[in-house]
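Asker: Output the structure for:
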Amino acid sequence: KVYSAAIAKTQKIWTAYLDSIMKVGQMQILRRQITNELNYSCRFDSKHLAAALENLNKAILADIEAHYQNPTLPYPKEDNTLLYEITAYLEAAGIHNPLNKIYITTKRLPYFPTVNFLFLISQFPKLQYNRNLGNV
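Answerer: This is a model prediction of the structure:
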């Protein structure tokens, strides 16, 4: 009796955890689709603006990378608003990866990645890949 009650309780917890993970995954897919639509619209409506934003972004990233390679090279100051302003334009044009954006941070939990990995592996047989919805 105790064993079956513990299993039932564990299944209830894992079901709630699976629902949460599925909701997050669906939101991530929606964010990616919205970004793709914004990017497509920007390229279609104003290919010159899209090209200018991409080149400016690449130039800024190259300068920042050069600074980390050689710290004597300049780095944008904190009071410089260029990075904040260009980020807003890049997001509006869909020239960013929404999956790399961090909205909140939490304290590091021990063994969370391992538990999460094992849980997801156990749930893979229940998931299906739909070729019509998949994107790379």
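
Asker: and the gap between His96 and Leu53?
Answerer: His96 sits at a distance of 10 Å from Leu53 (criterion: C-beta to C-beta, to the nearest Å). Where C-beta positions appear, they are placed from N, C-alpha and C, glycine not excepted.

Asker: Identify the contacts common to the two.
Answerer: Shared contacts of His96 and Leu53 (C-beta atoms under 8 Å, 6 or more residues apart in numbering): Leu90.

Asker: Please name the nearest non-neighbouring residue to the spatially most central residue of the chain.
Answerer: Geometric centre of the chain, nearest residue: Leu99, 1.0 Å, by C-alpha atoms, centre = their mean. Counting by C-beta to C-beta, 6 or more residues apart in numbering, the nearest residue to Leu99 once its immediate chain neighbours are dropped is Gln28, at 6.2 Å.

Asker: Next, give phi and psi for the one you found.
Answerer: When read as degrees, to the nearest 10, the backbone of Gln28 gives phi -60, psi -40.

Asker: I'd say it and Asn100 touch.
Answerer: No. Using C-beta atoms under 8 Å, Gln28 is not in contact with Asn100; the gap is 11.2 Å.

Asker: Neighbour count: these two, which is higher?
Answerer: Gln28 (12 against 6; other C-beta atoms under 10 Å).

Asker: now the more buried one: how far from Tyr103?
Answerer: For Gln28 relative to Tyr103 (C-beta to C-beta), the value is 12 Å.

Asker: Also Ile34?
Answerer: Distance from Ile34 to Tyr103, by C-beta to C-beta: 15 Å.

Asker: And these two? Which one has more around it.
Answerer: Ile34 (12 against 4).

Asker: host element of that one?
Answerer: Using DSSP states H and E, Ile34 sits within helix 2-45.

Asker: Over to Thr114?
Answerer: In the assignment (DSSP H and E), Thr114 maps to helix 112-123.

Asker: mind checking how far that helix is from the chain centre?
Answerer: Helix 112-123 has its C-alpha centroid displaced from the chain centroid by 19 Å (C-alpha atoms, centre = their mean, to the nearest Å).
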